[in-house]
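> Provided below are the primary sequence and the corresponding predicted coordinates.
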Amino acid sequence: MCSLSDSVTLHPIPPPAFGRGEAGLLYSFASFSLQRFLVEKKTQQHYGREIYMEHYVAGWKGLIKLLNSLGSVFGFISKDAASKTQILMNFLDSKNGSEYATVQSMVKFELDNELVDVNKKGIYPESGCRTLLRLHRALRWLELFLDRLRTSKEDDKTSVMCREAYNESLAHHHPFMIRKAAGLAFYSLPGRPGFLEVMNVGSPEQVVAMLGEAVPLISEVYTITEELYQKHNLLDLP
Ligand SMILES: CCCCCCCCCCCCC/C=C/[C@@H](O)[C@H](COP(=O)(O)O)NC(=O)CCCCCCCCCCCCCCC
């Protein structure tokens with residue numbers, strides 16, 4: 001898998017194996033963006049993996065689109081995710097854009113230049129590190145939810161899968177009111193057959209096959225970010 005040259009190489013991107021739909025989550029996130037998430041870079045000693053910001057953001061955009069197609073009851077969630085995605089896009093488009101090419105380069109740049117409020121909110125309430133941390137926590141929810149969906153049976157409830165995944169992940173970081181609002185929104189999720197249809201990937205079997213590829217990729221992106229943030233003590237940024 002690793003390139004023998006010293007240059008940064010992307011994983012080859014296979015043609016999409018699954019149907020793609022308006023909602024496009026899985027096309028965008030798995031077949032497209034996630035495949036490109038992982039950039040391999042050969043160093044003298046070891047192979048390190050970097051997460052390419054442009055594709056991280058593209059993945060979130062696909063998810064937000066899908067979330068919007070589930071109805072206005074999810075509007076408060078998609079608005080928050082969209083505004084955080086926009087903050088990262090603005091950094092990418094700024095004069096320091098090249099420093100934000102990967103999650104790793106962003107962390108180094110912002111820490112070296114003291115652009116992160118580390119202990120309490122101060123002059124950088126919307127740093128890249130802090131903003132990405134919120135999406136990173138949501139990625140764990142996604143991983144847990146999609147894995148449940150992948151292994152679910154026909155009459156399992158998506159609202160239950162969603163709630164369990166949320167309680168195991170994001171809920172730990174949300175105050176009571178947000179947890180309450182999120183919990184209410186989950187009731188509006190379509191049942192499993194309807195949900196698989198909204199995903200617009202193909203037959204239920206095709207969705208399951210696609211999830212079998214997507215979940216490990218999401219998990220890998222999550223783990224790489226988690227270890228990076230842990231190493232720099234960034235997991236509790238205010
Ligand atoms: C499929 C149903 C989707 C349910 C989504 C489950 C996650 C529930 C998250 C509830 C977030 C509520 C909105 C507000 C959050 C903020 O307070 C909070 C803290 O931000 P702050 O520190 O700047 O104040 N923000 C966050 O934690 C970031 C939340 C980002 C949530 C993104 C969720 C995107 C979900 C996309 C689902 C697409 C369906 C995929 C299935 C194939």
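Now that the structure is in, tell me what you want to look at. Numbering: from 1, shown residues only.
> contacts and neighbour counts: CA atoms only from here.
OK.
> for the chain, what spans make up the helices?
For the chain, the helices defined by DSSP state H occupy 25-26, 35-37, 53-69, 75-93, 103-112, 128-151, 158-168, 176-186, 192-199, 204-231.
> hmm, the longest one touching the ligand?
When you say that, I think you mean helix 204-231. No - residues of helix 204-231 are not located near the ligand by CA under 6 Å from any ligand atom, the shortest gap being 9.1 Å.
> in the chain, where is pLDDT below threshold?
Scanning the chain for pLDDT under 70 picks out the ranges 1-48.
> once you drop chain neighbours, what's closest to the residue nearest the centre of the chain?
Central residue of the chain (CA atoms, centre = their mean): L139, 4.2 Å from the mean position. In this structure, L139 finds its nearest non-sequential neighbour in Y222, 6.7 Å apart by CA to CA, 6 or more residues apart in numbering.
> hang on, the residue nearest to the centre of the chain packs against T225?
No - using CA atoms under 8 Å, L139 makes no contact with T225, being 10.3 Å away.
> count of residues packed around the residue lying closest to I218 once chain neighbours are set aside?
Leaving aside its chain neighbours, I218 sits nearest to E143 (6.2 Å; criterion: CA to CA, 6+ apart). For E143, the count of nearby residues is 22 (other CA atoms under 10 Å).
> list the contacts of E143.
By CA atoms under 8 Å, 6 or more residues apart in numbering, the contact set of E143 is V215, I218, S219.
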